[in-house]
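Chemist: Provide a 3D model corresponding to the input given below.
(chains A and B)
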Protein chains: 2
Amino acid sequence: MNKIDLGILGGGQLARMLALDAFPLGISVAVLTPQANDPAAQVVGQTRLGALSDENDLRKFLGDLRALTFESEFVDIPKLTNCLPKSVYVFPNLKAIENIQDRLTQKQMLDRFGIATSPWITVGNKADLTGAIEKFKNSFVLKQRRFGYDGYGTFVVKNGEHDPMILQKTSHGFIAEAFVDFKRELAVSFVRGKNGDFLQLPLVESVQVNSRCFSVTGPVTHTKLGALTKKVRVMMEKIDYVGILAVELFDTPKGLVVNELAPRVHNSAHYSQDALTCSQFEYHVRAGLGLPLPKVEQLKKAFAMVNLLGDGNGEVQLSRAPKGKLHWYGKSENRAGRKLGHINVTEASPKKALTKALQWRKDFKL
Amino acid sequence: MNKIDLGILGGGQLARMLALDAFPLGISVAVLTPQANDPAAQVVGQTRLGALSDENDLRKFLGDLRALTFESEFVDIPKLTNCLPKSVYVFPNLKAIENIQDRLTQKQMLDRFGIATSPWITVGNKADLTGAIEKFKNSFVLKQRRFGYDGYGTFVVKNGEHDPMILQKTSHGFIAEAFVDFKRELAVSFVRGKNGDFLQLPLVESVQVNSRCFSVTGPVTHTKLGALTKKVRVMMEKIDYVGILAVELFDTPKGLVVNELAPRVHNSAHYSQDALTCSQFEYHVRAGLGLPLPKVEQLKKAFAMVNLLGDGNGEVQLSRAPKGKLHWYGKSENRAGRKLGHINVTEASPKKALTKALQWRKDFKL
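Modeler: Residues are numbered from 1 along each chain as shown, chains lettered A, B, ... in the order given. As a prediction, the model looks like this:
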């Protein structure tokens, strides 16, 4: 049997959209995912049903691949390393993912490359916690080191008050982060090819509601973006990062401060599917398979994206009357706050695009 | 089990591209196709392997569907009718496909709606053939009534000379068509929704090499397009046609003359994937599933498409360095002249777009 060009670990919406943009390039794709009705399984002929944590399933899947990528940074690196044939090219590389999946090593890496982030300290025990309360003057955010996302694993400490059992909430350890005084949240994705080619996608503003991405608009300009981009490029080169790297930012009076990195395609760049001539998904796949990276080109002056989130109200029923460009993930369960799809809009200005997107979101009944 | 929203009969590149544009709308798709490595089977989780001519395979497939569409007009209508549950919505309707799949009934339909086509007569026997030689002054084209495409089933008669066995070349019968004196070949696709909504896609110029589509550029203007569109709209309404209808045209000194109709998405409108905000594939699916049809909007002033055809020279190997937007079909055999993929380009003028597309096609080594 011919090897499959690209395997994706996991079968959610990011894997689905990666596959949908890989196919027109003639790239064969397989996914490993537990359920036949998972978002990516619906659109990938070569779906392997299995558990991402099962060594047998992993071995069988990885043995068929030429290259491997991820839709989540929360992968079991030792297990994966154990099951991975040497012939499989992995992007981004496992060392980079390992550094980013742990908030502590991610912070250390950002510090090492002189990339501004919020002040932080490690919190492993009661003494550390007391230290954090002192250092951050009673108010800060406690974040578990691994497996946190969309607000999960994040605990706010205000006026020194906290759950006395807080350190028992995870076995992964914590970091404490100072609150950042920011005007708005921004995000930018970068892509680096196997041959070192490097591109910056447009800077965008993102709005979170209940710690979840609600909308994204762009392009946004910022005088400090050039300096940040240079530093990120150096970092990506030094760690030999290949693929899309998403950077979430705070726009503060002191400049751009990194909130966090995601070593993968990211919700903040979904606009690229309809606003750029090449989407983040196509860039990621091209980067990892050694294809040339087309220059970043906007199709219209501005764009917006709104997420379509579940309301927990029964089954997923698509209204079937969406305006704008709909991207629906094919999830079968409508859980409250769950990302079920998104709408992209292009327009003459970011404001016009967002106004339309918000209106169309309202019209969109689950 | 939940019924599948849309079934596509066949698993070639048209089915593949229909599926790829249906998925983001949240539409579940299944295809019936003989081989697991057929172009559409690679991208459709719900692929049913089977023969399109096998009543058991057909019945099993059709029984799972809410709606059915086609990638080819050459379907066995009686067999399909026999196997089709009443609950399955078929678009375009079988009567329309039946009329179009036979060149004789297609011509009769065009005549009935006053749509100009080349002069023609039926040729069923020797006497008819002699009549055609007289009527068309010794030179004309003999086309078999069914299953002809890309020049296959077409025979040129010049100076009255022809293979004496020509009438035995098919059991489907023939029509004879006068040669048409044309400046260029054009094409235009129309889409009609279930609710009667009707849209015209841009008029394009197509260039054929060896009876196969080689390139398409647009948009093209023509003073007679409005009149043609009106007549086609009336025809589509009268025959209750739903979905994309492709119309191939000759641009003649006497105006626009229809060469032939295709009751499906068509090579001449592949440009729409990257040049319009909604592709022909999305329009077709939206039309048949009763979704609103977005207005036709070009992303740039002009566009071109070139086909990537096989050279028969060994295996299909993708050069992996395509410029423009590549659409590769994932075919495993590189037969000479076989459509393996296409490149779309958008630009400031049709000429600029075509120049780029032709250059990039040359760079593209199989």
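Chemist: ok, the most centrally placed residue in chain A to chain B distance?
Modeler: When C-alpha atoms, centre = their mean is applied to chain A, the residue found nearest the centroid is residue A:266 (3.3 Å). Noted for residue A:266: a distance of 18 Å to chain B, by C-beta to the nearest C-beta, to the nearest Å. All C-beta spots, glycine's among them, are computed from the backbone N, C-alpha and C.
Chemist: those strands in the stretch 151-300 of chain A, which residues are they?
Modeler: For the stretch 151-300 of chain A, the strands defined by DSSP state E, counting those that start in this stretch cover A:154-157, A:174-178, A:184-192, A:198-200, A:204-209, A:212-218, A:243-252, A:255-262.
Chemist: List the pairing partners of the third one within its sheet, with orientation.
Modeler: It refers to strand A:184-192. Strand A:184-192 has the following strand partners under DSSP bridges: strand A:198-200 (antiparallel), strand A:204-209 (antiparallel), strand A:243-252 (antiparallel).
Chemist: where does chain A come near chain B, residue by residue?
Modeler: Proximity of chain A to chain B, by C-beta under 8 Å from any C-beta of the partner chain, involves residues A:16, A:19-20, A:23-26, A:28, A:36, A:41-47, A:274, A:277, A:289-292, A:294, A:299-300, A:318, A:320-323, A:325-330, A:341.
Chemist: Among those, which lie within strands?
Modeler: The strands, defined by DSSP state E, take in A:46, A:47, A:325, A:326, A:327, A:328, A:341 from these.
Chemist: who touches the worst-scoring helix or strand of chain A on mean pLDDT?
Modeler: Scoring the helices and strands of chain A by mean pLDDT, DSSP states H and E places strand A:154-157 at the bottom, with a mean of 88. By C-beta atoms under 8 Å, 6 or more residues apart in numbering or on different chains, the surrounding residues in contact with strand A:154-157 are A:132-133, A:136, A:138-144, A:148, A:162-163, A:166, A:169, A:176, A:211.
Chemist: following the helix or strand where residue A:111 lies, which helix or strand shows up next?
Modeler: Per DSSP states H and E: residue A:111 is located in helix A:103-112. Counting by DSSP H and E, the next helix or strand C-terminal to helix A:103-112 is strand A:120-123.
Chemist: who does that following strand touch, helix- and strand-wise?
Modeler: helix A:126-135, strand A:174-178 (3 or more C-beta pairs under 8 Å, 6 or more residues apart in numbering or on different chains; DSSP states H and E).
Chemist: Partner strands of that strand, with direction?
Modeler: strand A:174-178 (antiparallel).
Chemist: ok so, going back, show me what the helix holding residue A:111 packs onto, helices and strands only.
Modeler: Helix A:103-112 packs on helix A:94-101, strand A:174-178, strand A:255-262, going by 3+ C-beta pairs under 8 Å, 6+ apart.
Chemist: Need the winner for burial among the ones you listed.
Modeler: Among the helices and strands packed on helix A:103-112, ranked by average contacts under mean count of other C-beta atoms under 10 Å in any protein chain shown, first place goes to strand A:174-178 (a mean of 22).
Chemist: for that one, what is the average pLDDT?
Modeler: Strand A:174-178 shows a mean pLDDT of 93.
Chemist: Also stretch A:124-134?
Modeler: Averaging pLDDT residue by residue across stretch A:124-134 gives 91.
Chemist: List the buried residues in that stretch.
Modeler: The neighbour-count check on stretch A:124-134 (16 or more other C-beta atoms under 10 Å in any protein chain shown) flags A:128, A:129, A:132, A:133 as buried.
Chemist: can you name the two of those that are farthest apart?
Modeler: Spanning the widest gap among those are A:128 and A:133, at 9.9 Å by C-beta to C-beta.
Chemist: Low-confidence bits of chain A, can you list those?
Modeler: Within chain A, the segments meeting pLDDT under 70 span A:1, A:314-322, A:365-366.
Chemist: Give me the domain ranges for it.
Modeler: Following automatic domain parsing, chain A resolves into domains at A:4-90, A:119-178, A:184-363.
Chemist: Residue A:283 touches residue A:199, doesn't it?
Modeler: Yes - Residue A:283 is in contact with residue A:199 according to C-beta atoms under 8 Å; the separation is 7.2 Å.
Chemist: Now do the shared contacts for these two.
Modeler: Joint contacts of residue A:283 and residue A:199 (C-beta under 8 Å, 6+ apart) are A:191, A:293.
Chemist: With neighbour numbers in mind, choose between these two.
Modeler: Taking other C-beta atoms under 10 Å in any protein chain shown, residue A:283 and residue A:199 do not tie; residue A:283 has more neighbours (28 against 19).
Chemist: Residue A:159 - how many residues pack around it?
Modeler: 9.
Chemist: how close does it sit to residue A:177?
Modeler: According to C-beta to C-beta, to the nearest Å, residue A:159 and residue A:177 sit 17 Å apart.
Chemist: Okay, and which of the contacts of strand A:154-157 map to helices?
Modeler: The members of the contacts of strand A:154-157 that map onto helices under DSSP state H are A:132, A:133.
Chemist: Just the buried residues of the contacts of strand A:154-157.
Modeler: Neighbour counting by 16+ other C-beta under 10 Å classes A:132, A:133, A:136, A:140, A:141, A:142, A:143, A:144, A:148, A:162, A:176 among these as buried.
Chemist: And the furthest pair within the ones in strands among the residues of chain A next to chain B?
Modeler: For these, the farthest-apart pair by C-beta to C-beta is A:46 and A:325; their separation is 26.7 Å.
Chemist: Residue A:219 and residue A:200 touch, don't they?
Modeler: No - applying C-beta under 8 Å, one finds residue A:219 not in contact with residue A:200, separated by 11.0 Å.
Chemist: In the stretch 251-366 of chain A, mark out all the helices, start to finish.
Modeler: A:272-275, A:280-288, A:350-363 (DSSP state H, counting those that start in this stretch).
Chemist: These into JSON lines, with extra columns for distance to residue B:53?
Modeler: Listed next are those as JSON lines, based on distance: least, C-beta to C-beta, whole Å:
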{"stretch": "helix A:272-275", "distance to residue B:53": "39"}
{"stretch": "helix A:280-288", "distance to residue B:53": "37"}
{"stretch": "helix A:350-363", "distance to residue B:53": "44"}
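Chemist: For stretch A:267-286, list the C-alpha coordinates in PDB.
Modeler: Only the C-alpha atoms of stretch A:267-286 are listed here, as PDB (Å, rounded to 0.1, in the frame of the first residue of the first chain):
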ATOM      1  CA  ASN A 267      -9.600  29.900  15.800                       C
ATOM      2  CA  SER A 268      -8.200  33.400  15.600                       C
ATOM      3  CA  ALA A 269      -7.200  32.700  12.000                       C
ATOM      4  CA  HIS A 270     -10.300  31.000  10.600                       C
ATOM      5  CA  TYR A 271     -11.000  34.300   8.700                       C
ATOM      6  CA  SER A 272      -8.200  33.300   6.400                       C
ATOM      7  CA  GLN A 273     -10.400  30.700   4.700                       C
ATOM      8  CA  ASP A 274     -12.400  33.400   2.900                       C
ATOM      9  CA  ALA A 275     -10.400  36.600   3.400                       C
ATOM     10  CA  LEU A 276      -7.000  35.400   2.100                       C
ATOM     11  CA  THR A 277      -6.000  33.700  -1.100                       C
ATOM     12  CA  CYS A 278      -4.400  30.900   1.000                       C
ATOM     13  CA  SER A 279      -6.000  29.800   4.300                       C
ATOM     14  CA  GLN A 280      -4.100  29.000   7.500                       C
ATOM     15  CA  PHE A 281      -5.000  25.400   6.900                       C
ATOM     16  CA  GLU A 282      -3.400  25.400   3.400                       C
ATOM     17  CA  TYR A 283      -0.400  27.200   4.800                       C
ATOM     18  CA  HIS A 284       0.100  24.700   7.600                       C
ATOM     19  CA  VAL A 285      -0.100  21.800   5.200                       C
ATOM     20  CA  ARG A 286       2.100  23.400   2.600                       C
END
